[in-house]
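Trainee: let me see the structure of the following:
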Amino acid sequence: MDKKLLALLACPVCKGELKLNDARTELICYQDAMAFPIREGIPVMLANEARTLDTDERLHKQ
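Mentor: Numbers count the residues shown, from 1 in each chain. Just a heads-up that it's a prediction; the model follows:
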């Protein structure tokens, strides 16, 4: 994902910072414990499409 685009994106729920997880192709908001998928290079910034981070993921912020 382009670093400039990542810098412009914010969590749609809390407007907080998102972290890129290349291994799982998702954008993570640790504030809300949500991971937003990236499909075909396009971030899907819908709360109902996001998955909830499990406890281990929440504790091991990257």
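Trainee: and the closest residue to V44 other than its chain neighbours, how many neighbours does it have?
Mentor: Nearest residue to V44, sequence neighbours excluded (C-beta to C-beta, 6 or more residues apart in numbering): P37, at 5.0 Å. (Glycine included, C-beta is placed from N, CA and C.) Other residues lying near P37 total 16 when counted by other C-beta atoms under 10 Å.
Trainee: quick one: which helix or strand includes P37?
Mentor: Here P37 sits within strand 34-39, counting by DSSP states H and E.
Trainee: what comes up buried for that strand?
Mentor: Buried residues in strand 34-39, counted by 16 or more other C-beta atoms under 10 Å: 34-38.
Trainee: within its sheet, name the partner strands of that strand and how each one runs.
Mentor: Here strand 34-39 is paired, per DSSP bridges, with strand 26-29 (antiparallel), strand 42-43 (antiparallel), strand 51-52 (antiparallel).
Trainee: quick one: closest of those strands to K4.
Mentor: Nearest to K4 among the strands paired with strand 34-39 is strand 42-43; the distance by C-beta to C-beta comes to 13.3 Å.
Trainee: how close does E57 get to R51?
Mentor: Distance, E57 to R51, using C-beta to C-beta, to the nearest Å: 10 Å.
Trainee: try G16
Mentor: 17 Å.
Trainee: equivalent analysis for L18, please.
Mentor: For L18, the distance to R51 - C-beta to C-beta - is 14 Å.
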